[in-house]
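S.K.: model the following, please.
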Amino acid sequence: MSDTRARPATAAGTWQLGDLTVNRVGFGAMRLTGGIPFGPGDGRSDRERSVAVLRRAVELGVNHIDTAAFYFSATRSANELINTALAPYPDDLVITSKVWPARDPSGEWWWAEPGQLRGQVEENLRQLGRDHLDVVNLRLPRSWASRSVAEHFGALAELRDAGLVRHLGVSNVTSEQLAEARSIAPVVCVQNAYSVDAPGAQREILRECGDLGIAFVPFFAIAGGRRETGAGARDDEAVLDVARAHSASPAQIRLAWTLAQGAHVLAIPGTGDPAHLVENVAAGAIRLSDEEIARLGAVRQGGA
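M.R.: Take a look at the predicted model:
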């Protein structure tokens, strides 16, 4: 059996996060902690099942896991689940986290000052059981679109120089903020919301990342505008038509379309369901025609 058949996460090829090579189909850990992220937990997150999902993801060839210390519910921590399931970690496994937002033990949100970012990085290290983080994204508040990132990103660059972080990325950024961050330290990835039915404003920064050789890592590629609430029961007719043509699910088509946006685009679909995991990873092998890519791209413009 070929490696692609045995490890389907390799089917979409690879990309570089600095000097780290990752398969373009990765895994997002947000949904491991419960049915609704950041909620109190509703019984749908079984610890043993979550551990099994993580181990199965690696068996399928996933070597890029996206997480954060603030991914927790009343009874589950994504980072600690990753530690339990995968430590000692495979040599090729890349774990990406994010800082700036945080939650206190009661679940209430707060935003770190630049001097507090080291504590957030160290909390990720403690939970994951590591001495450095492969990639850390500076996750901006949605209200920060016209403001400078220099102070916060500069603080992360100091942690990189100190050896606590290997590579840096940015999330929820504009093109101007990306340029400002790159003037301070190298940026290996941009994490912004992007999907078939999201507003088209992100297309320019996606193209810019490709020109710069920076990975573009969209979140909510399946959920789209539904964001944390997850994929809904209804889908656009264009998505449903293409799904039928490929004997695939709408979620798989959304992921395949995402990956078709460029060789530098990575997917990090998340789930706590073993069957959904297999389905998501298999989407990397779906090849859409140019006509299908264009029709799905028109959904965001109300043209499909």
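S.K.: so in this structure, where's the weakest helix or strand by average pLDDT?
M.R.: Lowest mean confidence among the helices and strands of the chain (mean pLDDT, DSSP states H and E): helix 3-6, at a mean of 78.
S.K.: got a list of contacts for that one?
M.R.: The contact list for helix 3-6 (C-beta atoms under 8 Å, 6 or more residues apart in numbering) reads 10-11, 61, 285. To be clear about C-beta, it is placed using only N, CA and C from the backbone, and glycine gets the same treatment.
S.K.: any idea which helix or strand comes after whatever helix or strand Asn124 lives in?
M.R.: Using DSSP states H and E, Asn124 sits within helix 117-128. Scanning forward in sequence from helix 117-128 by DSSP H and E, the next helix or strand is strand 133-139.
S.K.: helices or strands up against that next one?
M.R.: Helices and strands touching strand 133-139, by 3 or more C-beta pairs under 8 Å, 6 or more residues apart in numbering; DSSP states H and E, are strand 94-99, helix 117-128, helix 150-161, strand 165-171, strand 189-191.
S.K.: so can I have TSV of those showing mean neighbour count, mean pLDDT and distance to Leu81?
M.R.: Formatted as TSV, the helices and strands packed on strand 133-139 follow (neighbours: other C-beta atoms under 10 Å; pLDDT from 0 to 100; distance: least, C-beta to C-beta, whole Å):
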stretch	mean neighbour count	mean pLDDT	distance to Leu81
strand 94-99	26	98	12
helix 117-128	19	98	10
helix 150-161	18	98	24
strand 165-171	23	98	22
strand 189-191	26	98	21
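S.K.: make TSV out of the ones you listed and add distance to Ala87.
M.R.: Shown next, in TSV, are these (distance: least, C-beta to C-beta, whole Å):
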stretch	distance to Ala87
strand 94-99	11
helix 117-128	8
helix 150-161	22
strand 165-171	18
strand 189-191	24
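S.K.: tell me which of the ones you listed approaches Trp15 most closely.
M.R.: Closest to Trp15 of the helices and strands packed on strand 133-139 is strand 189-191 (C-beta to C-beta; 9.1 Å).
S.K.: helices and strands around the very next helix or strand once past the closest one, which ones?
M.R.: The first helix or strand that comes after strand 189-191 along the chain, using DSSP H and E, is helix 203-212. Here helix 203-212 touches helix 175-182, strand 215-216, going by 3+ C-beta pairs under 8 Å, 6+ apart.
S.K.: and these, which is most packed in?
M.R.: Per-stretch averages of neighbours, counted by mean count of other C-beta atoms under 10 Å, single out strand 215-216 among those, with a mean of 26.
S.K.: helix or strand right after that one?
M.R.: helix 237-245.
S.K.: quick one, which of the helices and strands packed on helix 203-212 gets closest to Arg24.
M.R.: strand 215-216 (8.9 Å).
S.K.: need the mean per-residue confidence for the closest one.
M.R.: Strand 215-216 shows a mean pLDDT of 98.
S.K.: what does stretch 73-90 give?
M.R.: For stretch 73-90, the per-residue pLDDT averages 96.
S.K.: sketch out the low-pLDDT regions of this structure for me.
M.R.: Residues of the chain meeting the criterion pLDDT under 70: 1-2, 35, 39-45, 199-200, 224-235, 300-304.
S.K.: repeat that for 50
M.R.: The chain contains residues with pLDDT under 50 at 1, 42-43, 226-233, 302-304.
S.K.: quick one, what contacts the residue nearest the centre of it?
M.R.: Centrality entry for the chain: nearest residue to the mean C-alpha point is Ile268, 4.1 Å, by C-alpha atoms, centre = their mean. Applying C-beta under 8 Å, 6+ apart to Ile268 gives the contacts 26-28, 64, 66, 217, 219, 221.
S.K.: max pairwise distance over those residues: which two?
M.R.: His64 and Ala221 (14.1 Å).
S.K.: higher neighbour count, these two?
M.R.: More neighbours surround His64 than the other of His64 and Ala221, with 31 against 27 (other C-beta atoms under 10 Å).
S.K.: my read: that one touches Asn23, true?
M.R.: Yes - in this structure, His64 is within contact of Asn23 by C-beta atoms under 8 Å, at 6.5 Å.
S.K.: beta partners of Phe27?
M.R.: Taking DSSP bridges, one finds Ile65 as the beta-bridge partners of Phe27.
S.K.: check contacts around it.
M.R.: Taking C-beta under 8 Å, 6+ apart, we find Phe27 in contact with 54, 57, 62, 64-66, 268-270, 277.
S.K.: between the residues you listed, which is closest to Arg295?
M.R.: Pro269 (21.7 Å).
S.K.: which non-adjacent residue is nearest the closest one?
M.R.: Asn280 (4.2 Å; C-beta to C-beta, 6 or more residues apart in numbering).
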